[in-house]
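**Q** Can you look at this prediction? I've put the sequence above it.
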Amino acid sequence: MSFKFSDLHCKEVICISDGRRLGFISDACIEMPEGRITAIVVPGKHKPLSLGGKEDFIIPWGCIRRMGPDIVLVDIRPEDCRVPRHKPLLPF
């Protein structure tokens, strides 16, 4: 199966265990030099008045169960794939 990243970008990700909407795919983790996708990245939602930074969902490729034209169904608990987002370094 082959596809372009633009085919994945902006698809909604839904957890099949509880029907929770995790968000939309924004990025992918790629293993080099093979060029194999190892995970998809879904940005976490910003919580109002939260002091901590955002957390992204890093979902391993093996957890994807079904891809449709608009959505991706994943079989993983959202708590198991949350990763804190690193703040970008400011150039000096």
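**A** Everything's here; your move. Bear in mind that the values here come from a model prediction, so they are computed numbers and not experimental data.
**Q** okay, CA-based contacts and neighbour counts for the rest of this
**A** Fine.
**Q** Over to residue 6: give its phi and psi.
**A** phi -60, psi -20 (degrees, to the nearest 10).
**Q** brain fart, residue 78
**A** Residue torsions, per degrees, to the nearest 10, at residue 78 are phi -60, psi -30.
**Q** Tell me how far it lies from residue 84.
**A** Using CA to CA, to the nearest Å, residue 78 is found at 13 Å from residue 84.
**Q** try residue 42
**A** Separation of residue 42 from residue 84 (CA to CA): 12 Å.
**Q** before we move on, what about residue 71?
**A** 24 Å.
**Q** of the two, who's got more company?
**A** Relative neighbour count places residue 71 above the other of residue 71 and residue 84, with 18 against 13, counting by other CA atoms under 10 Å.
**Q** Bridging across strands, which residues link to the more buried one?
**A** Counting by DSSP bridges, residue 71 is bridged to residue 12.
**Q** what pLDDT does it get?
**A** Looking at residue 71, its pLDDT stands at 94.
**Q** likewise residue 4?
**A** The model reports residue 4 with a pLDDT of 74.
**Q** Please list all residues in contact with it.
**A** Applying CA atoms under 8 Å, 6 or more residues apart in numbering to residue 4 gives no contacts.
**Q** Quick check: closest non-adjacent residue to residue 13.
**A** Nearest in space to residue 13, with sequence neighbours left out and distances taken as CA to CA, 6 or more residues apart in numbering, is residue 72 at 4.8 Å.
**Q** How about residue 70?
**A** Nearest non-adjacent residue to residue 70, counting by CA to CA, 6+ apart: residue 11, 5.3 Å away.
**Q** what are the ranges of the helices in the chain?
**A** 5-8 (DSSP state H).
**Q** so where's it shaky on pLDDT?
**A** 1-3, 46-53, 85-92 (pLDDT under 70).
**Q** redo that, cut-off 80
**A** Applying pLDDT under 80 to the chain flags the ranges 1-8, 44-54, 84-92.
**Q** Could I get the full set of strands for this protein?
**A** Under the criterion DSSP state E, the chain contains strands at 12-15, 21-24, 27-31, 36-42, 55-60, 64-67, 71-74, 82-84.
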